[in-house]
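Participant: build me a model:
(one chain, ligands or ions: 1)
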Amino acid sequence: MEHAEFRVKAKEMVDYIADYLENIRERRVYPGVQPGYLHKLLPTEAPQQPEKWDDIFKDVEEHIMPGLVHWQSPHMHAYFPALTSYPSIMGDMLSSALNVLCFTWASSPAGTELETIAMNWLGKLLGLPDCFLNEKNDSPGGGVIQTTASEATLVSLLAARTRALMELAKLNPELQSSELLGHLICYCSDQAHSSVEKAGLIGLVRMRYIESDENQSMRGAQLEEAIISDKAKGLVPFWVCATLGTTGSVAFDNLREVGQVCEKHSAWLHVDAAYAGSAFICPEYRHWLDGVELADSFAFNPSKWLMVNFDCTAMWVKDSTALHRTFNVNPIYLRHENSGKAIDYMLGTQKANTRRKFRTKDDGENFDKSPNTKSDASIVNEVDNDKHAIMNGDLKKADDVEVTDRNKDVSDDKTDDTNDLYNNERNLHGYNKISHGCGKTIQLENPDKKEMLHWQIPLSRRFRALKLWFVLRNYGVSGIQKHIRESVRLAQKFEALVLADQRFEIPQPRNLGMVAFRLKGDNALTERLLKRLNARGFIHAVPACFKGIYVIRFTVTSQRTTNQDILDDWNEIKTVAKEILIDVFG
Ligand code: PLP
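Facilitator: Reported below is the predicted structural model:
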């Protein structure tokens, strides 16, 4: 395809997309196809010769569309929302066309900087504490866009694991990492998403599931009991995942209680708010965030409810150094001359979190007088094996720089606690306080160790900040709040309809935009109801099970859902329920 054809066909594609979204109600939300249907329709070999665009695209409507679940449909109630929106689509169109890879600042400066800015905007909109933001380049905290919540959970677990292993290795130098790994244990509630279990499997660590209370919430007392009992067995609790908005019932772990336990036992606290995180843009839902300042990392999916199309998971960490330690590699082809002046999401130079004191031949006086001022924020790095320091924004050669360990002179500055990770025993979130029974002091890594910053598992990363930035600007805070509140209002409407019908019940209180309901009686009735509803294809939902009770999850997903859509869906549910009850009871 050449430019001229692209101009015509891409415009047609835009019309196709707009028609699709405008008329989505006309499509059956759940496909009626059987496994293997597409194999029967498409050739088994790729074409030898180029095919005409019109021929290719004809197959989309004829063969692909009938095999899709239409996630943007107002009759889609399965899972959680996976919404898109026009500004988001345009962000992705542009990002796809530019196809810049934003792993280092140098690989795409605007890509990196826009991500930092958009993540700061978003963090503030949620009401996250300042320690998670990266407004000044010398902050150890910051946000990064990951691909999925699962990946954010894994990244967090791996960072915490590295931190714990480093400490254990100092205490037990005779043991290999693989032996130390066997001592680690982490925790989540019995309602946590399967991705938490998966992170434990990948991380090769034991996971203990804490029984949730009657509101499906993990409480501090149960967590602490488990931690104490595990410590008595010689295990080392190192990571806890709290969920805000569980997948089954949108339940909320008690973040303050859990956070206090984590703080006391020096475990890393990760918060998985995959779905519910979007709601915190509305201040009336922020009470669930109480205690978030105790967390080490926090993630949610704008790709769910915030109308930023997949993929986009917002993750913030209080201390990005912990990630960098975990994913630390440093090939020469990824270094650049501006290392240290900006974030590199895949890698970069040491920022202020490993900052040292410097004295340059021409600038020493000034520095000595005010060692902690921002203008002195200095970074040591190795570029092509030469030591460099950034002094007041300039890269200086090591010959001109005298490096001293600031901790020898600066003892009680609170911000410095998080900054001097490699040579300050007070750091690592109090890890020096943990004795694990032997009371040894932990000597951390060599302060002169070369370090590059890493925020994620892959190297390459798309320019995802563009679509997030477009959505935040085009909707504005008021537009996003309106969207969230409307979803909740429609869920309340559905809840009222269910509660008014004696044949149905809602075993768990509704939170936000999801209602988990069932037919009264045996689970088999609700199972049959759901199966038949999905087979008819007018609405689509999935089940959940809490403590043996089978429910249908009804999530309000689309920003296009109206009162009438909810009424239509409820009529469909009642019609099918009536058929089933007649089948079973006559
Ligand atoms: N955590 C929770 C609470 C979820 O509900 C989900 C998915 O719905 C996930 C994690 C996984 O999200 P992702 O698909 O972004 O990995």
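
Participant: could you pull out the strands in the stretch 201-350 of the chain for me?
Facilitator: In the stretch 201-350 of the chain, the strands defined using DSSP state E, counting those that start in this stretch lie at 206-210, 236-243, 268-272, 297-300, 313-317.

Participant: make CSV out of those strands and add mean pLDDT, mean neighbour count and distance to Val60.
Facilitator: Glycine gets a C-beta too; all of them are placed from N, C-alpha and C. Shown next, in CSV, are the strands of the stretch 201-350 of the chain (pLDDT from 0 to 100; neighbours: other C-beta atoms under 10 Å; distance: least, C-beta to C-beta, whole Å):
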stretch, mean pLDDT, mean neighbour count, distance to Val60
strand 206-210, 97, 19, 42
strand 236-243, 97, 28, 38
strand 268-272, 98, 29, 35
strand 297-300, 98, 28, 32
strand 313-317, 96, 27, 28
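
Participant: my guess is Trp121 contacts Leu472. True?
Facilitator: Yes: with contacts counted by C-beta atoms under 8 Å, Trp121 reaches Leu472, the gap being 5.9 Å.

Participant: more neighbours: which of those two?
Facilitator: Shown here are Trp121 and Leu472; by other C-beta atoms under 10 Å, Leu472 has more neighbours (21 against 17).

Participant: the more buried one - that's part of a strand, no?
Facilitator: No: with DSSP: H, G, I helix; E, B strand; the rest coil as the criterion, Leu472 is helix rather than part of a strand.

Participant: rewinding a little: now the strands of the stretch 201-350 of the chain in CSV, with distance to Phe538?
Facilitator: Formatted as CSV, the strands of the stretch 201-350 of the chain follow (distance: least, C-beta to C-beta, whole Å):
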stretch, distance to Phe538
strand 206-210, 37
strand 236-243, 31
strand 268-272, 32
strand 297-300, 31
strand 313-317, 31
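
Participant: among those, which is nearest Met13?
Facilitator: Shortest distance between Met13 and the strands of the stretch 201-350 of the chain, using C-beta to C-beta, is found for strand 313-317: 27.0 Å.

Participant: which secondary structure elements does that closest one contact?
Facilitator: helix 109-126, strand 142-146, helix 149-171, strand 297-300, helix 302-305 (3 or more C-beta pairs under 8 Å, 6 or more residues apart in numbering; DSSP states H and E).

Participant: quick one, which of the ones you listed is nearest to the ligand?
Facilitator: Nearest to the ligand among the helices and strands packed on strand 313-317 is helix 149-171; the distance by C-beta to the nearest ligand atom comes to 3.2 Å.

Participant: so the closest one, near the ligand or not?
Facilitator: Yes: judged by C-beta under 6 Å from any ligand atom, helix 149-171 and the ligand are in contact via Ala149, Ser150.

Participant: tell me the angle that helix makes with strand 236-243.
Facilitator: Helix 149-171 runs at 160 degrees relative to strand 236-243, counting by axes from the mean of the first three to the mean of the last three C-alpha atoms, to 10 degrees.

Participant: so for helix 149-171, mean pLDDT?
Facilitator: For helix 149-171, mean pLDDT rounds to 92.

Participant: now Phe252, nearest residue through space, not along the chain?
Facilitator: Excluding the flanking residues, the one nearest Phe252 by C-beta to C-beta, 6 or more residues apart in numbering is Trp288, at 4.7 Å.

Participant: revised request: answer the last question for Trp455.
Facilitator: Nearest non-adjacent residue to Trp455 (C-beta to C-beta, 6+ apart): Val144, at 4.3 Å.

Participant: which residues does that neighbour bridge with?
Facilitator: Per DSSP bridges, the residues bridged to Val144 are Met315.

Participant: could you check how far it is from Thr44?
Facilitator: Val144 sits 42 Å away from Thr44 when distances are taken as C-beta to C-beta, to the nearest Å.

Participant: check Cys241 too.
Facilitator: Per C-beta to C-beta, Cys241 is found 44 Å from Thr44.

Participant: one more: Ala110?
Facilitator: The gap separating Ala110 from Thr44 is 44 Å, by C-beta to C-beta.

Participant: of the two, who's got more company?
Facilitator: Higher neighbour count among Ala110 and Thr44: Ala110, with 15 against 5, using other C-beta under 10 Å.

Participant: so what's that one scoring on pLDDT?
Facilitator: Per-residue pLDDT puts Ala110 at 90.

Participant: give me the number of residues near the residue in the stretch 301-450 of the chain positioned nearest to the ligand?
Facilitator: In the stretch 301-450 of the chain, the residue that lies nearest the ligand is Asn301 (5.1 Å; C-beta to the nearest ligand atom). Counted with other C-beta under 10 Å, the neighbours of Asn301 add up to 28.

Participant: ok, Glu225 next?
Facilitator: Number of residues near Glu225 (other C-beta under 10 Å) recorded here: 13.

Participant: what of the one 5 residues further on?
Facilitator: Asp230 has 18 neighbouring residues, counting by other C-beta under 10 Å.

Participant: for it, which residues are in contact?
Facilitator: If a contact means C-beta atoms under 8 Å, 6 or more residues apart in numbering, then Asp230 has Ile185, Arg208, Pro237 as its contacts.

Participant: change it to 6 Å
Facilitator: Applying C-beta atoms under 6 Å, 6 or more residues apart in numbering to Asp230 gives the contacts Ile185, Pro237.

Participant: now stretch 477-486, how far from the centre of its chain.
Facilitator: On the basis of C-alpha atoms, centre = their mean, to the nearest Å, stretch 477-486 sits 21 Å off its chain's mean C-alpha point.

Participant: convert it to PDB, retaining C-alpha atoms only.
Facilitator: C-alpha atoms of stretch 477-486 as PDB (Å, rounded to 0.1, in the frame of the first residue of the first chain):
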ATOM      1  CA  VAL A 477     -11.400  15.500  35.000                       C
ATOM      2  CA  SER A 478     -15.100  16.400  34.900                       C
ATOM      3  CA  GLY A 479     -15.800  14.200  31.900                       C
ATOM      4  CA  ILE A 480     -14.100  11.200  33.400                       C
ATOM      5  CA  GLN A 481     -15.900  11.700  36.700                       C
ATOM      6  CA  LYS A 482     -19.200  11.900  34.900                       C
ATOM      7  CA  HIS A 483     -18.500   8.600  33.100                       C
ATOM      8  CA  ILE A 484     -17.500   6.800  36.300                       C
ATOM      9  CA  ARG A 485     -20.500   8.100  38.200                       C
ATOM     10  CA  GLU A 486     -22.900   7.200  35.400                       C
END
